[in-house]
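K.L.:
how would this look folded up:
(one chain, ligands or ions: 1)
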Amino acid sequence: MKPSLALIPDFDLSARNTLALRATSRLGMLITEPAMVPQLIAMATAEGAALRILGGGSNVVLAPHFDGITAIMAITGRRIVESTDQSTLIEIAAGEDWHQMVTWTVEQGLGGVENLAGIPGTVGAAPVQNIGAYGVEVADVLETLVAYDRRDGVERVFARAECAFAYRDSLFKREAGRFVVLSLRLRLPKPWTPNLGFAGLSDLGDSSEITPRTVMDRVLALRGSKLPDWRVTPNAGSFFQNPILPASEAQPVLNEFPTAPAFPQPDGRLKLSAGWLIEKSGLKGFQLGPAGISDRHALVVINRGGATADDVAALAEHVKQTVRQRFGVQLHEEPVFL
Ligand code: EPU
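P.N.:
Numbering: from 1, shown residues only. Below is the predicted model of the structure:
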């Protein structure tokens, strides 16, 4: 039997985006099984309706109204596919909560994604912007991914090399709207070795006593001490990407501030810290109407109450212009405006 597509009119998205922007969609629904995806696309095409898919709404700036169908990815399921002496292969459906999935692995003593604990959003969204934190990216552990290709009307399996992963980037982000991620397979290594290269993790102690749990707990403590919780202060995480610049373009910043955070990349370029640049531009805690820059972390844009996408865009523009004038560096937003 075909699953039914129950469309909800005037679908309210205000509680489905972590910036808590007030937003509605003419129609909305939950995708609870993969077979619904082609059906939904066929129906939207037949009716000439625009269709967009949302995960946890943690990396989006939603316009007040969308004149089309917003489908929430809500397919659940997670399992261990195989376990050998070398690794454990897990499969997780796109609608699972990312952090709950990380916790599930850690509870079984499996390491590999503990540095990515506490990241809001769904499993399906994780590879789109190649989420990363504390020295690990989802690309490091992803083995394959299943996605529905809206353009060609087929389900496809992508090997990691086909995903074109880069810093906060992937094929699925570059070809926005084309693919609907359905599930991921992650290969977790055995024996596990902790990834403690990042500042804040290196003092965890004797590595023989470290477990995925101790690393996860430290990561959660670090995040909690720096990043505002979106449930308390609505936000979309890092609002700007860290700029990766040719060394010559980064040099003026380093000439003026020799100790500015700067991370050499394999290709010889330098990654500067957008949070540092914004703070040094005097914008930490800055407010523009109901939108603002967090006074805890300068990379985080917050909704102070009642902000709209236009308020957020105006603030982002002000930040980019100020940093450009102060440092000659162009910042780019990380969330997607929908
Ligand atoms: N910094 C400041 N002022 C600030 C914030 C940061 O000077 O207000 C400086 C810090 O002192 C540090 C540097 O900037 O020297 C980097 O800061 P942090 O360690 O907080 O990391 P980040 O580069 O700002 C990135 C990711 C985060 C991820 C952390 C930890 C991006 C855009 N952001 O932030 O990811 O949690 O590293 O690995 O790459 C996200 O993408 O939503 C996100 C939260």
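
K.L.:
When you work out contacts or count neighbours from here on, use the C-alpha atoms and nothing else.
P.N.:
OK.

K.L.:
Quick one: low-confidence residue ranges for the chain.
P.N.:
Applying pLDDT under 70 to the chain picks out residues 1-2.

K.L.:
switch the cut-off to 80
P.N.:
1-4, 205-208 (pLDDT under 80).

K.L.:
Domain-wise, how is it divided?
P.N.:
8-73, 78-226, 235-337 (automatic domain parsing).

K.L.:
JSON lines for these, including distance to the ligand?
P.N.:
Shown next, in JSON lines, are the domains of the chain (distance: least, Cα to the nearest ligand atom, whole Å):
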{"stretch": "domain 8-73", "distance to the ligand": "8"}
{"stretch": "domain 78-226", "distance to the ligand": "3"}
{"stretch": "domain 235-337", "distance to the ligand": "3"}
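
K.L.:
can you put the ones you listed in JSON lines and add mean neighbour count?
P.N.:
As requested, those are exported to JSON lines (neighbours: other Cα atoms under 10 Å):
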{"stretch": "domain 8-73", "mean neighbour count": "19"}
{"stretch": "domain 78-226", "mean neighbour count": "18"}
{"stretch": "domain 235-337", "mean neighbour count": "18"}
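
K.L.:
Which strands or helices does the helix or strand that contains residue 253 pack on?
P.N.:
Applying DSSP states H and E as the criterion places residue 253 in helix 247-256. For helix 247-256, the packing partners by 3 or more Cα pairs under 8 Å, 6 or more residues apart in numbering; DSSP states H and E come out as strand 270-272.

K.L.:
Please enumerate residues in contact with the strand it packs on?
P.N.:
With Cα atoms under 8 Å, 6 or more residues apart in numbering as the test, strand 270-272 has contacts from 242-247, 250, 260-265.

K.L.:
And for the helix or strand just after that strand, what's in contact with it?
P.N.:
Downstream of strand 270-272, the next assigned helix or strand under DSSP H and E is helix 274-280. Contact with helix 274-280 is made by 240-243, 260-261, 284, 297-299, 319, 323, 327, 331, as judged by Cα under 8 Å, 6+ apart.

K.L.:
same question, stretch 27-39
P.N.:
Residues contacting stretch 27-39 (Cα under 8 Å, 6+ apart): 2-11, 67-76, 148, 153, 182.

K.L.:
got a list of what residue 245 touches?
P.N.:
Taking Cα under 8 Å, 6+ apart, one finds 269, 270, 271, 272 in contact with residue 245.

K.L.:
Run through the bridge partners of it.
P.N.:
Legend: beta-bridge partners of residue 245 under DSSP bridges are residue 270.

K.L.:
Tell me what angle the longest helix along the chain forms with helix 247-256.
P.N.:
Ranked by residue count under DSSP state H, the longest helix found in the chain is helix 309-327. Between the axis of helix 309-327 and that of helix 247-256 there is an angle of 70 degrees, by axes from the mean of the first three to the mean of the last three Cα atoms, to 10 degrees.
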